[in-house]
Structure formats: C-alpha cells, structure tokens
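Novice: let's see this in three dimensions:
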Amino acid sequence: MGFAVRAKVDHRSTPGLASGGVTFDVQNEGYPQFSPRCESALMTGLPSVRRVTAAKSEERSMSTRIRRKRSVDPAVALREPGRWSMACAAGVAWCALVLGSVDVAISLERGENDVLVRVVDTGPGLCCVVVMPGDHYMIYDAGYFQGLGERHCMDSVQELVPDDATIDLMVLSHSDADHLGVADEILDAYTVKRVLHLGYERSTRTWEDADRAIKLEKEREGCVDINLRYFEYPPGATYRFGDVFVTMVAGFHTPPAEWGPLNTSESRNAGSIVVRLYYKQRSVLFAGDTVGRHIGNPPDKCIAAEKFMVDNREVIPIDSDVLIAPHHGADNGSATCFIQAVSPQFVIFSAGHDYEHPRAAAAQRYLTNGVQLQNMFRTDLGDDEGGDEWSHGRVAGQVDPPADDDVDILLSEAGDVAVAYRTSP
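Specialist: Here you go, the predicted model:
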C-alpha cells in the first residue's frame, strides 16, 4: 500500500508525543512504550495483528492488556453478534420522531466512571466534547465559525469542562473553518496539553486565529503542538487516559499520491485526522471530513482515506459501535466498504441548514448495510433543504437553527452504549 513510518522527531525527548505502534500513558507521564509486533506491522504495511477470539478476549483482563500496552488497539476490540443494542432512551426519542414530533429528547445521565461524548449542534460544522473518568477531557473539532452555531460550541465546552480543568487533547481534524470556529477561544480559556492538527495553511481568518492560538498555548503553557506538516505522526499512535484509549486511525497533511487524483476540496478533506475512542469494549469513531468516494460514484466505489482505513483495519481497527459520519453525511464519504468495515450500530450526522447534508444517497448506504433507521441521528433534525438532502424527519419549509439538536453518546462503566438527543438544559 506504500505506507511507511519515518519519524522526524526524537519521541523520547518530546513529552506527550506518541509514535506509531506506541501507547502513551498519560497517567504516568511516561515515555512511549513500543509494541514490537505492532511497530513491525506499521513499518512494513502488512497486517500482522489479528483479532482474538471472544473466549480469549474474556480471558484477558484489562489490567493485563494495559500492562502489556498493546498499543494499536488496547483490547483488539470485538464486535459481538447479538450484543446489547440501543438505549431505551434513544429508542423513545426516535419513536416520537417517526410519529411526527421533533421536540422529544431524553437526557443520558453520566456516572463518574462513564464516558460522555456530546456531538454539539453547531450548525453546518462539527464540534465534539468528550468527558472521561478521572477528569480527563478531549475536544474533537471546534465548531462553526459564526453566529449561534459558533457560540453554542463554546457554551457546550464550558458546560462540560470546568473552568479550572485541563484539556488533555484537542484534535482539529482539518483546516476548514466549520471545524475550527472556537479553537482559539478554547485555547485561550483552558490549558490544553496537546493539539493534534494537520498544519495545512489556509487564508481564512478562522484558520489564522486557530494557528495563532496554538502557537501562543505552546509558548505560554508548554502545549505539545503535534503538527502533521512537520511530524509524520503515524496512524496507530494511541493515547491512554485512565482506561480510555484514543487512537489516531488516519491523518495526513498531504494525501499520499497513491490515492489518485482528488480535487482541491477532496484533497483538503481526505487528510482529515480520524480517531477512535475505546472504553470498556465500546468504541466511537470520529471521522472528520474524510473522503471515500467521488460524488456520484457507484455504491461499491472505495477510494482515498476510507480505503486506506479499510485496508489497514487488521492493524488499526476501525470497527466501532458509534460512527460520527464522514463530512456531515456528504456523498463523497461513507463508502460502502467503509460502512461495512466500521459496522456501526449508531450513526450521527453533524449537519445544519447548508449544503443539503446529510445526503439521501449517503444515508441510504447505511440503511442498506444494516444500520437501523431509529439508530441514525442528525443535528439538523427537521431541516428542509429539498434537493438531495435526506428527507427522513423533514418538516416542510423548516430552516433548522443551530443549538437545538445536540446528540449525546454514553459509554458506561458496565460496557453499555447509549445514544440520544439531548434535552435542553
């Protein structure tokens, strides 16, 4: 596949920076630990890490897995047939939607040892706030760049992350302004330990503000600036926050040449940093604006970043319970190959009243590949753009505003997963 790992930095002297085939133990602030088998697989590009059987998985305690620091995926996570499915709360909310209501939502109450992921309704952008046990926090993308959507992303961060808390990791998937809206405000308001981003330069004010804020945080607070323009930070790098593991599945400043011709927009999006959060045998895949097909391709077409992730899934698993869908549900993402490899139980489209997202063709591919309608969520609930937009839940003539359709994901200490629209505070 032409992928090779060539470290440009001495990771042993860079606190907080993990490398391919490593797990960085945030609790102990230790140096990266290498798993030779995984490192070898990443260096050669050949899958050598296989899934374990369910019986073997049950035999291995989490403490044993952590001690061994199996870095590419701490548990070589399994998807078990017939596992516990949808939370009753989410089911009730969607039953109400099918009957015509778009206002019903059920709160998911987080226990202190649960993981909460909030997909913020920032309008036509992406903003995710992650609360983990032990006062660990992660931001994945920083929302839309103007108006109520921008404000709501920051409000959501401040609601979930205490003023005096430290954000362990900020991931900015790529350089589009609808993913960077309040990055500068977050960096100004909080101490952020590390920022993972593409470093792809843009001329927008939003990108310039985010870039300036990252540099200031690095100077003032010692933030680790993981800029993929300068570091070949290989897929498979994993951070540990207590019992939560966050793995970079893909991310490229410049898409590899072997991905073939991409237009300017596809090229910027295809490099998106994709991460997989794993906790208690459950997982969430954050897909940014990653690309897996050209708009209008036949359903079986599989290209670019999504093909890369599918081809490498035996080494770097992408199989996940919840998928935050690529590119707001655009038709140039969510290729059939990718959907089948992720095999999500729940899908969330972060979209607003713009660009006719999520597209009907993309939504249909999920339905065709086994995702149940009641397990598909959208942050523009009720929106009506007509055209190629997915019509499910549409309210005729409605322009859906930001800030009213947050979606919460709960990974419980007991190993359950639930997804529901959030009740307004």
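Novice: when you work out contacts or count neighbours from here on, use the C-alpha atoms and nothing else.
Specialist: OK.
Novice: all helices for the stretch 101-250 of the chain, in order.
Specialist: 147-160, 183-189, 205-221 (DSSP state H, counting those that start in this stretch).
Novice: which one of the ones you listed lies nearest to D383?
Specialist: The closest of the helices of the stretch 101-250 of the chain to D383 is helix 147-160. By CA to CA, the value is 15.1 Å.
Novice: list the buried ones in that closest one?
Specialist: By 16 or more other CA atoms under 10 Å, the buried positions in helix 147-160 come out as G149, E150, R151, H152, C153, M154, S156, V157.
Novice: so can I have a markdown table of the helices of the stretch 101-250 of the chain showing distance to T238 and mean pLDDT?
Specialist: Below are these laid out as a markdown table (distance: least, CA to CA, whole Å; pLDDT from 0 to 100):
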| stretch | distance to T238 | mean pLDDT |
| --- | --- | --- |
| helix 147-160 | 23 | 97 |
| helix 183-189 | 22 | 98 |
| helix 205-221 | 21 | 97 |
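Novice: which of the buried residues of helix 147-160 sits closest to D311?
Specialist: Using CA to CA, the buried residues of helix 147-160 come closest to D311 at C153, 34.1 Å.
Novice: could you measure from the closest one over to D380?
Specialist: Separation of C153 from D380 (CA to CA, to the nearest Å): 15 Å.
Novice: where in the stretch 1-150 of the chain is pLDDT low?
Specialist: Residues of the stretch 1-150 of the chain that meet the criterion pLDDT under 70 lie in 1-106.
Novice: format the helices of the stretch 101-250 of the chain as a markdown table; extra columns: distance to P402.
Specialist: Conversion of the helices of the stretch 101-250 of the chain to a markdown table gives the following (distance: least, CA to CA, whole Å):
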| stretch | distance to P402 |
| --- | --- |
| helix 147-160 | 5 |
| helix 183-189 | 18 |
| helix 205-221 | 19 |
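Novice: of all the ones you listed, which one is nearest H174?
Specialist: helix 205-221 (9.9 Å).
Novice: for the closest one, give me every contacting residue.
Specialist: Helix 205-221 is contacted from outside by 145, 175-177, 180-184, 187-188, 191-193, 195, 201-202, 223-225, using CA atoms under 8 Å, 6 or more residues apart in numbering.
Novice: sorry, back to before: for W390, which of the helices of the stretch 101-250 of the chain is the nearest?
Specialist: Smallest distance to W390 across the helices of the stretch 101-250 of the chain (CA to CA): 21.2 Å, for helix 147-160.
Novice: list the helices and strands that closest one packs on?
Specialist: strand 127-132, helix 183-189 (3 or more CA pairs under 8 Å, 6 or more residues apart in numbering; DSSP states H and E).
Novice: tell me which residue is most central in this protein.
Specialist: F286 (1.3 Å; CA atoms, centre = their mean).
Novice: contact partners for that one?
Specialist: Contact partners of F286, counting by CA under 8 Å, 6+ apart, are Y140, V274, V275, R276, L323, I324, A325.
Novice: let me have those residues in a markdown table, extended by distance to A396, neighbour count and secondary structure.
Specialist: Shown next, in a markdown table, are those (distance: CA to CA, whole Å; neighbours: other CA atoms under 10 Å; DSSP: H, G, I helix; E, B strand; the rest coil):
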| residue | distance to A396 | neighbour count | secondary structure |
| --- | --- | --- | --- |
| Y140 | 32 | 26 | strand |
| V274 | 35 | 27 | strand |
| V275 | 36 | 25 | strand |
| R276 | 36 | 25 | strand |
| L323 | 28 | 24 | strand |
| I324 | 26 | 23 | strand |
| A325 | 25 | 27 | coil |
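Novice: circling back to that earlier point, which among the helices and strands packed on helix 147-160 is found nearest to Q398?
Specialist: Using CA to CA, the nearest of the helices and strands packed on helix 147-160 to Q398 is strand 127-132, at 22.8 Å.
Novice: taking helix 147-160 as reference, get the angle to the closest one.
Specialist: Using axes from the mean of the first three to the mean of the last three CA atoms, to 10 degrees, the inter-axis angle of strand 127-132 relative to helix 147-160 is 10 degrees.
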